[in-house]
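In: Below is the sequence, then the predicted model.
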Amino acid sequence: MRIAQLLQDSIVDGQGMRFVVFTQGCLHNCQGCHNPSTHDLNGGKEIAVADIVKKMASNPLTDGLTLSGGEPFLQVQDCAALAQQAHQLGLNVWCYSGYTYEQLTADNRYLPLLQQIDVLIDGPFKLYNKSLNLKWRGSTNQRVLDVGGSLATGKAVEYLL
């Protein structure tokens, strides 16, 4: 798996104490992105999913895994395997994506990862919609979605904050 960074004990990348995997590679190139160093598809470093799982499991205070980026959906299989391991450890899984829920569900390639996510923050960061008053997102066009509820109903369901 190609990553930019691993971060232990984050309290700003989702609810509770998070283990964050910043994936490497993004094609969205959002103006004002706070992680532009993650855009290069060949940047970052390679690390085995099993090694990430060991680091994630090392802290008993961790509530969940957050997949961020870069764009996690560019590494569907590895991110899905990591998310599945997080669930086996009793952790919840949050994911940030520049794709909308509707874009992700329209392409079956994304389903293996989408089905492993509990909460999705979807949509590209839009500088003209930026707000510092939003919880867990950077611009007002982004949504915090309950993925299980969304998949069950066939439409985007907001996660109750």
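Out: Happy to help now that I have it.

In: residues in contact with residue 117?
Out: Neighbour list for residue 117: 67, 83, 93, 94, 95, 147 [criterion: Cβ atoms under 8 Å, 6 or more residues apart in numbering]. Using the backbone N, CA and C atoms, a C-beta is placed for each residue, glycine as well.

In: State the distance from residue 20 to residue 158.
Out: 22 Å (Cβ to Cβ, to the nearest Å).

In: Check residue 111 too.
Out: For residue 111 relative to residue 158 (Cβ to Cβ), the value is 21 Å.

In: Residue 57 too?
Out: 31 Å.

In: And the two? Which one has more around it.
Out: Just comparing residue 57 and residue 158: by other Cβ atoms under 10 Å the higher neighbour count belongs to residue 57, 15 against 11.

In: Phi and psi next, for that one.
Out: Backbone torsions of residue 57, given as degrees, to the nearest 10, read phi -80, psi -10.

In: Have a look at this protein and report its longest strand.
Out: Across the chain, the longest stretch assigned as strand under DSSP state E is strand 2-10.

In: if we can go back for a sec, show me which pair in the contacts of residue 117 is furthest apart.
Out: 67 and 147 (12.1 Å; Cβ to Cβ).

In: Give me the more crowded residue out of the two.
Out: Ranked by neighbour count (other Cβ under 10 Å), residue 67 and residue 147 place residue 67 first, with 30 against 24.

In: Please, where are all the strands along this structure?
Out: So, for the chain - with DSSP E - the strands run 2-10, 18-23, 45-46, 64-68, 92-96, 119-122, 143-146.

In: wait, isn't residue 101 in contact with residue 142?
Out: No - the criterion here is Cβ atoms under 8 Å, and residue 101 misses it with residue 142 at 10.8 Å.

In: Between the two, which contacts overlap?
Out: Residues touching both residue 101 and residue 142 (Cβ under 8 Å, 6+ apart) are residue 122.

In: Tell me which of these two has more neighbours.
Out: Using other Cβ under 10 Å, the more surrounded residue of residue 101 and residue 142 is residue 142, with 23 against 20.

In: Next up, the contacts around the more buried one.
Out: Taking Cβ under 8 Å, 6+ apart, we find residue 142 in contact with 121, 122, 123, 124, 125, 134.

In: The fifth one and residue 136, how far apart?
Out: Counting by Cβ to Cβ, the separation of residue 125 from residue 136 is 13 Å.

In: more neighbours, those two?
Out: The residue with more neighbours, out of residue 125 and residue 136, is residue 125; 20 against 17, by other Cβ under 10 Å.

In: Please consider this matter closed, and thank you.
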